[in-house]
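Colleague: turn this into a model:
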Amino acid sequence: MSVLSLALVTGCSDSGSGSGSDGKDSGKGGKDSAAAAKPLSDSELGKLIVTTADVKGFKVAPLGKAETFAAAKEDVKVVDEKCAPLAYVLTGFAPGDSASYVNRTAHEDPAAKAAASPTKNMEDMSPEELEKALDSVTDALGSTTTLVSLSSYEGDGAKETMSSVSEAIKGCGSGFTATGGDDPQKFSKVVGEKASGNGDESVAFAATADADGSPLIVHAEVARHGNTVATYYSLSLAALAEDGKKAIAYSVPAALIKAQAAKLG
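Modeller: Residues are numbered from 1 along each chain as shown. Next up, the predicted model:
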């Protein structure tokens, strides 16, 4: 399994109602008139996706080949087809039949949270310096890596995509298996979570992945902004280091969602 591209899943839900939508799209015009909007191109989405300059404490970059679960969306196979939208979210592909899409990885910068790296050897440190150095290591492990994607749709495609994601969250509670190439990845559980409420509608979920025999919980959020859909899939480095042996409390970074939402308007 590519830890980056298929280990960032979490439960899916709405921003509090349990229906998978925050309900902000009812009767709205303007930006929410998605059906009337022309889908954006890959190039246009590339200008809108979050960058390092947009969000403090994160380093944003394109995915490398080693970080991808599959070379193309068509290579992602899901045993239960209704769960496919969740698998696409967790692999950085468009969750629906989009006209265009782009993705990036956003690595939380430990230097933004942790103290400066110690210049002394541990045996030469005072108790206070040693404690500070250990706190720095803990902060680094507490960092997250998030796979962010933007996809744009014709007509009602974005709304239909949100519906399919919501239905998948409801219908795939007992998990699903996805394959990219020769390496299957099993998720034993999917649960809905409270979404941020950003965009015209948003959902969030947590998924329990099988990480070499140990359970690993990952988190995700999907938000619609007009006819553009943003997805976020986050993995805690601390959770990964623990191999699922210890529960680690974390979520998709709010600052990252806020920064991306601001760019989408």
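Colleague: next structured bit after the helix or strand of the chain with the lowest mean pLDDT?
Modeller: Least confident helix or strand of the chain, by mean pLDDT, DSSP states H and E, is strand 10-12 with a mean of 31. Using DSSP states H and E, the helix or strand that follows strand 10-12 towards the C-terminus is helix 42-48.
Colleague: state the mean pLDDT of the helix or strand that comes right after that next one.
Modeller: With elements assigned by DSSP H and E, the helix or strand that comes after helix 42-48 is strand 58-61. Mean pLDDT, strand 58-61: 94.
Colleague: chain center to strand 58-61: distance?
Modeller: Chain-centre distance of strand 58-61: 14 Å, with Cα atoms, centre = their mean, to the nearest Å.
Colleague: could you do stretch 223-240 as well?
Modeller: Counting by Cα atoms, centre = their mean, stretch 223-240 comes out at 2 Å from the chain centroid.
Colleague: for the record, mean pLDDT for that stretch?
Modeller: pLDDT averaged over stretch 223-240 gives 88.
Colleague: one more: stretch 81-97?
Modeller: The average pLDDT for stretch 81-97 rounds to 94.
Colleague: do stretch 166-185 as well
Modeller: Rounded mean pLDDT across stretch 166-185 is 90.
Colleague: buried residues, that stretch. List them.
Modeller: By neighbour count on 16 or more other Cβ atoms under 10 Å, the buried set for stretch 166-185 is 166, 168-170, 172, 175-180, 185. Heads up, the C-betas are built off the backbone N, CA and C, glycines and all.
Colleague: figure out the length between the terminal residues of that stretch.
Modeller: This stretch, stretch 166-185, spans 21 Å end to end (Cα to Cα, to the nearest Å).
Colleague: relative to the whole chain's centre, how far out is that stretch?
Modeller: Stretch 166-185 sits 15 Å away from the centroid of its parent chain (Cα atoms, centre = their mean).
Colleague: now do stretch 79-96
Modeller: With Cα atoms, centre = their mean as the basis, stretch 79-96 stands 12 Å off its chain's centre.
Colleague: ok, which stretches of the stretch 151-265 of the chain are helices?
Modeller: Taking DSSP state H, counting those that start in this stretch as the test, the helices found in the stretch 151-265 of the chain are 157-171, 237-241, 254-264.
Colleague: so of these, which one's packed in deepest?
Modeller: Compared across the helices of the stretch 151-265 of the chain, helix 157-171 shows the largest average neighbour count, a mean of 21 (mean count of other Cβ atoms under 10 Å).
Colleague: and that one, what does it pack against?
Modeller: Judged by 3 or more Cβ pairs under 8 Å, 6 or more residues apart in numbering; DSSP states H and E, the packing partners of helix 157-171 are strand 10-12, helix 84-89, strand 183-193, strand 201-211, strand 214-225, strand 228-236.
Colleague: could you point out which of these sits nearest S251?
Modeller: strand 214-225 (5.3 Å; Cβ to Cβ).
Colleague: was I right about L48 contacting L40?
Modeller: Yes: counting by Cβ atoms under 8 Å, L48 touches L40, with 7.3 Å between them.
Colleague: can I get the helices and strands packed on helix 157-171 in a markdown table including distance to F58?
Modeller: Converted to a markdown table, the helices and strands packed on helix 157-171 look like this (distance: least, Cβ to Cβ, whole Å):
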| stretch | distance to F58 |
| --- | --- |
| strand 10-12 | 18 |
| helix 84-89 | 19 |
| strand 183-193 | 21 |
| strand 201-211 | 19 |
| strand 214-225 | 16 |
| strand 228-236 | 11 |
